[in-house]
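Participant: build the 3D model from these lines:
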Amino acid sequence: MASNFRAFWNSPVGPKTAHFWGPVANWGFVAAGLVDMKKPPEMISGNMTTVMCVYSVLFMRFAWMVQPRNYLLLCCHASNEGVQLFQLSRWAKANGYLSKKKEDL
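Facilitator: Predicted coordinates for the structure are as follows:
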């Protein structure tokens with residue numbers, strides 16, 4: 001057990017590195033997005049939410065390409081992408097961008 005902890009502690013993605021603390025800090029974006037789901041869609045910034053979607057996609061790619069691969073960062077940004085896309089859909093529906101087209105009879 002102690003050897004497993006020691007291996008994790010000293011690993012290239014362990015708690016002594018930015019590969020660990022960067023993703024831990026980024027979970028704040030996910031938490032904030034989840035809290036914002038209770039707010040009315042009129043309070044959502046379409047521009048900022050779009051920026052957060054692009055940011056998460058870029059960092060998912062980074063997390064996959066960096067060596068050693070950072071699965072914690074990948075998971076964090078994949079979660080944030082899902083939350084932000086949901087928020088963007090709420091914003092788009094509230095502003096009439098995703099309304100269904102009514103056919104004239």
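Participant: so which bits of the top helix by length along the chain are buried?
Facilitator: Of all the segments of type helix in the chain, defined by DSSP state H, the longest one is helix 71-94. Within helix 71-94, the residues that count as buried by 16 or more other C-beta atoms under 10 Å are 72-74, 76-77, 79-81, 83-84, 87-88, 90-92. The way it works is simple: take the backbone N, C-alpha and C, and place the C-beta from them, glycine included.
Participant: how about residues contacting that helix?
Facilitator: The contact list for helix 71-94 (C-beta atoms under 8 Å, 6 or more residues apart in numbering) reads 13, 19-20, 22-24, 26-27, 29-30, 33-34, 36-37, 40-42, 44-46, 49-50, 52-53, 56-57, 59-60, 62-64, 98-99.
Participant: just the buried ones among those, please.
Facilitator: Buried residues within those, counting neighbours by 16+ other C-beta under 10 Å: 13, 19-20, 23, 26, 29-30, 33, 36, 41, 44, 49, 52-53, 56, 59-60, 63.
Participant: how far away is the most centrally placed residue in the chain from His19?
Facilitator: Computing the C-alpha centroid of the chain and ranking residues by C-alpha atoms, centre = their mean puts Asn80 first, at 1.6 Å. As judged by C-beta to C-beta, to the nearest Å, Asn80 and His19 stand 17 Å apart.
Participant: one more: Trp27?
Facilitator: Using C-beta to C-beta, one obtains 14 Å as the distance from Trp27 to His19.
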